[in-house]
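Undergrad: Following is a predicted model, sequence given first.
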Amino acid sequence: MDITKIKRILIARTDRIGDVVLSTPTITASRKAFPNAYIAVMVSPKTKEIVAGNPYINEVITCDKKGILETLYFAKWLKNKKFDLALILHSTNRVNLISFLAGIPKRVGYARGKMDFLLTNRLPYKKRLGEKHEAEYSLDILRSIGVDARISPLLMPVKKENEKNVGELLRENGLRQGEKFIVLHPGASSVSKMWPHENFAKAADILIERFGVRALLVSAPEHVKIGEKVMFSMKNKPVFLCGRTSLGDLGALFKKANLFISNDSGPVHIACAIGTPVISIFARNEKGLSPERWGPLGDRTVALHKDVGCVECLAHNCNKGFLCIRSVTVEEVVEKASELL
């Protein structure tokens, strides 16, 4: 591929929060490799806030999961933008089809579905082996066309309106300017990834009493009840923000926080992008789901993970009572938190 002729680039990553944040080094590397190119990033509507305002992007395009007719109209609209290259960081049948119908001549991605034949450059799908970090797997797509792509810090701009929103939230809940606080996130995409709510409560209480910090609880709207379980299990009343923060607000909140403690989840990577100290608690013992692939990136980050001897992970059908994540103790989390605080 003659990359010297590339003038317009589409970077596609239409899956989840953490995946998009971990793709930002590829955006940075693309701008470095093509300083004068027009670079657009295509994401789902729910993750738009992650890349909006990224200084290396010319345009953010949102791509929703819709029917075949709307997909065809969207591809026709995209065709008018005349992209030379599509870097498809998470190949799906729909994104492969859209990039093909949009007439993008070079389409690079991992071969992992029925419509892989629509890619012009296919990388073998080995992510399940967990041999490297997800951020590196994304960079490999850029490397496959001859770019010397290096890892760089995760990036998520914090906007003034989000800082204002968070400032008002903190004042409403009695936090003084400059008061130290930790943020806890007890939710996750699967019950198999959730550290017990009572453990979050115990760890928070110890840290509050030991360091004199305040504790804030955050979660997605669908996990508010999990946050309530943590709150009602605590001796010291936390600030309850579950279901009240957008992704942009989370970034602004993490900018002020002294520590973030969470299950393996998307907000971990937002906190890393902001530079907040992070403790991420991992569960399942599969290479493709391990901290080696999905762990927090940054200088002041910790991944806690236990191997309890499972040969095959049954995920939410676990017959060991989620022993792996329950094996991470309150004392271990408190010890790491104490070091980071």
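TA: Here it is on my side, so go on. Numbers count the residues shown, from 1 in each chain.
Undergrad: Give me the domain ranges for this structure.
TA: According to automatic domain parsing, the chain comprises the domains 3-143, 160-340.
Undergrad: Relative to Ser152, which of the ones you listed is closest?
TA: Proximity to Ser152 (CB to CB) singles out domain 3-143 among the domains of the chain, at 4.6 Å. Every C-beta, even on glycine, is put in place using the N, C-alpha and C of the backbone.
Undergrad: ends of that closest one, how far apart?
TA: Between the opening and closing residues of domain 3-143 we find a distance of 11 Å, counting by CA to CA, to the nearest Å.
Undergrad: Show the average pLDDT along it.
TA: Within the predicted structure, the mean pLDDT of domain 3-143 is 96.
Undergrad: before we move on, back to that, what would the domains of the chain look like in JSON lines with distance to Pro153 and mean neighbour count?
TA: Below are the domains of the chain laid out as JSON lines (distance: least, CB to CB, whole Å; neighbours: other CB atoms under 10 Å):
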{"stretch": "domain 3-143", "distance to Pro153": "7", "mean neighbour count": "18"}
{"stretch": "domain 160-340", "distance to Pro153": "7", "mean neighbour count": "19"}
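Undergrad: export the ones you listed to TSV and tack on distance to Ser152?
TA: Formatted as TSV, the domains of the chain follow (distance: least, CB to CB, whole Å):
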stretch	distance to Ser152
domain 3-143	5
domain 160-340	10
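Undergrad: which sections of the stretch 201-341 of the chain are below the confidence cut-off?
TA: Applying pLDDT under 70 to the predicted model, the residue ranges of the stretch 201-341 of the chain that meet it are 309, 311-315, 317-321.
Undergrad: now the helices for it?
TA: Assigned helices in the stretch 201-341 of the chain, in chain order: 224-233, 247-256, 266-274, 291-294, 323-326, 330-340 (criterion: DSSP state H, counting those that start in this stretch).
Undergrad: And Met1, how far from Asn58?
TA: As defined by CB to CB, to the nearest Å, Met1 lies at a distance of 21 Å from Asn58.
Undergrad: Could you do Trp294 as well?
TA: Counting by CB to CB, the gap from Trp294 to Asn58 is 29 Å.
Undergrad: repeat for Arg326
TA: Relative to Asn58, Arg326 is positioned 47 Å away (criterion: CB to CB).
Undergrad: do Leu123 as well
TA: Leu123 is 25 Å from Asn58, where distance means CB to CB.
Undergrad: can you check Arg150 too?
TA: As defined by CB to CB, Arg150 lies at a distance of 22 Å from Asn58.
Undergrad: Same question for Pro291.
TA: Applying CB to CB, the value for Pro291 to Asn58 is 34 Å.
Undergrad: again with Lys5
TA: As defined by CB to CB, Lys5 lies at a distance of 18 Å from Asn58.
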